[in-house]
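[1] give the three-dimensional model of this entry:
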Amino acid sequence: MSETHMALYRTVWRWHFYAGIFVAPFLFILAVSGAIYLFNDEINDALHADKRFAVSSGAHQPLSKIAAGALEGFPGGKVTRIDSPTHEGRTYQVFVTPSAGEPVRVFVDPASAKAQGSYIYKWTLIGLSDRLHGSLMMGDVGDAIVEIAACWGLILVVTGLYLWWPRGSVRLRQAVLPKLNAQGRPFWKSLHATTGFWSAFLVIFLIISGLPWATVWGGMIRQVTEAAGIGYPASVRSHGAPVSASLKVKDVANGAAPWTVETMPAPLSDPHAGHSTGSVSSAQSAGVAIDLDQVAAVIAAKGMVAPYRLAFPADASGVYSAYTYPDQPEGQRSLYIDQYSGNVIRDVAFKDYGIAAKAIELGVQLHMGNYFGWLNQVVMLLPCIGIVVLSITGPYMWWQRRPKGKLGAPATTEPTTLRTFALMTLAMAAIFPLAGASLMIVGAIDALVAMLVGRWGAQRV
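    Have a look, this model is predicted:
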């Protein structure tokens, strides 16, 4: 290997080392929580079968009775969302905000309209995994940490592939198969390198398909796609239907809306529309809200069939929002219904999305292991296992080889490769702002430490 290549190799190794040390714990958490959430239905069915499977059979009761059944155990509570059964033999899932305490999810038998039990979602195994995966249970700060860790994960994969690439006397076959007969460090290095190679491209897919949920990068991609006209449908930006000046759909949909429509302005109901539209009943009076069964009739009249999610109006100006959210995003559809007239204010389907929004929704379903059933779950489980193995073997090798009482980082960056690194950092900052900013900070610290070490060494001489 030439001197130039050796210098570049040491630089890449140094940054692979830093990225691994800093983000391995976070990537481990994301991988484990993500692997659990991949099987959320199976786990919930096993842990909460008494709630999720209906105990009686027969015709479904009207939604008004389903809501009333959910509130029997929570007098003074308020229903905010109803999810219809995903399959025959399952229960309705009713989201209730009690008069006191945390929001609960109540499971109601479709035929009898009797509640079969409830839980506080965020304290279930799946709820905990969901919150860990999204924000480390730390709110906006955790969300930023997850985004930084994910982007540094990309740095780890790219630098890792460079370090893995066969050189000198190492053949490709030796590089792709672990040395199971090796002992000590050679075994761990081989296991780390081959696991990284085989899982690299699926890990990249997991990171890229998950980043649209991130606050900074997700917001940036929304702005770019919307400006280019390839994001959420142009029809939702049209004038005519009143919309909130401050609230977005995600603020009022109670987690029911697809990614694509989350940031569109929340539609508003018109309390003066009343019977003049004749959409529900000519006897409907202005300022009087329609009832839940009339909402269900409007949804049915528009051809939306169960399973769907129905989010209730947040206040007197809000709307009923109905969403189909199947495993294949091609079936997504959103209806926004005026709570007074029953008018459908907006009707947005997957076919209306821009090409980028369609791609992101497809990526989301693949990311969550939904698109092609259990095989999709297994495929997405593989990179999760890979990340766990890498997050353990990498730090373990470092711990074994580091000098006692020292960090044991690879040699400092040389001036030539430092310029290359600076250009790469600027490129990273342009594409992934939080990762680029953190890379600049770490790079500055690294340069400062190198300078101080150099001065200290010169003084000793």
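[2] got the buried residues for the longest helix along the chain?
    Looking across the chain with DSSP state H, the single longest helix is helix 3-38. Using 16 or more other Cβ atoms under 10 Å as the test for burial, helix 3-38 gives 7-20, 22-24, 26-38. Bear in mind the C-beta positions are built from the backbone N, C-alpha and C, glycine included.
[3] now swap in stretch 213-226 and tell me
    213-214, 216-218, 220-222, 225-226.
[4] how about the strands in the stretch 251-400 of the chain?
    Assigned by DSSP state E, counting those that start in this stretch, the strands in the stretch 251-400 of the chain fall at 265-267, 309-311, 319-324, 333-338, 344-349.
[5] can you list the strands that the last one pairs with?
    Put plainly, it is strand 344-349. Strand 344-349 has the following strand partners under DSSP bridges: strand 333-338 (antiparallel).
[6] the partner strand - what's its average pLDDT?
    On average, the pLDDT along strand 333-338 is 96.
[7] next, the angle from it to strand 319-324.
    160 degrees (axes from the mean of the first three to the mean of the last three Cα atoms, to 10 degrees).
[8] gap between strand 333-338 and the chain center?
    24 Å (Cα atoms, centre = their mean, to the nearest Å).
[9] contacts for that strand next, please.
    241, 257-258, 261, 267, 269-270, 273, 279, 295, 298-299, 302, 304, 319-324, 343-350 (Cβ atoms under 8 Å, 6 or more residues apart in numbering).
[10] what about 6 Å?
    Strand 333-338 has contacts (Cβ atoms under 6 Å, 6 or more residues apart in numbering) with 261, 267, 269, 298, 319-324, 344-349.
[11] try stretch 310-324
    80-82, 252-254, 256-257, 267-269, 295, 299, 308-309, 331, 333-337, 339.
[12] can you pull the phi/psi pair for K248?
    Backbone torsions for K248, taken as degrees, to the nearest 10, come to phi -100, psi 170.
[13] just give the number of residues close to it.
    16 (other Cβ atoms under 10 Å).
[14] how near is the nearest residue to it once chain neighbours are set aside to R131?
    Counting by Cβ to Cβ, 6 or more residues apart in numbering, the nearest residue to K248 once its immediate chain neighbours are dropped is T263, at 5.0 Å. Separation of T263 from R131 (Cβ to Cβ, to the nearest Å) stands at 21 Å.
[15] what's the answer for P265, then?
    Taking Cβ to Cβ, one finds P265 at 27 Å from R131.
[16] over to E72?
    Taken as Cβ to Cβ, the span from E72 to R131 is 29 Å.
[17] of those two, who's got more company?
    R131 (18 against 13).
[18] how is the protein partitioned into domains?
    Recorded structural domains for the chain (assignment: automatic domain parsing) are 49-123, 232-353.
[19] now those in TSV, with distance to W198?
    TSV is the format used below for the domains of the chain (distance: least, Cβ to Cβ, whole Å):
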stretch	distance to W198
domain 49-123	34
domain 232-353	27
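[20] least confident of these, on average?
    Minimum mean pLDDT among the domains of the chain: domain 232-353, a mean of 87.
[21] pLDDT weak spots in the stretch 101-250 of the chain?
    235-240 (pLDDT under 70).
[22] show me where the stretch 251-400 of the chain has helices.
    292-301, 355-367, 373-401 (DSSP state H, counting those that start in this stretch).
[23] circling back to that earlier point, count of neighbours near the residue nearest to K248?
    18.
[24] check the gap between it and Y325 for me.
    Counting by Cβ to Cβ - T263 and Y325 are separated by 17 Å.
[25] what do you get for I441?
    If you go by Cβ to Cβ, the gap between I441 and Y325 works out to 39 Å.
[26] compare neighbour counts for those two and give me the winner.
    Per other Cβ under 10 Å, whichever of I441 and Y325 has more neighbours is Y325, with 19 against 10.
[27] phi, psi for that one please.
    Torsion angles, degrees, to the nearest 10, at Y325: phi -140, psi 70.
[28] repeat for L247
    phi -90, psi 140.
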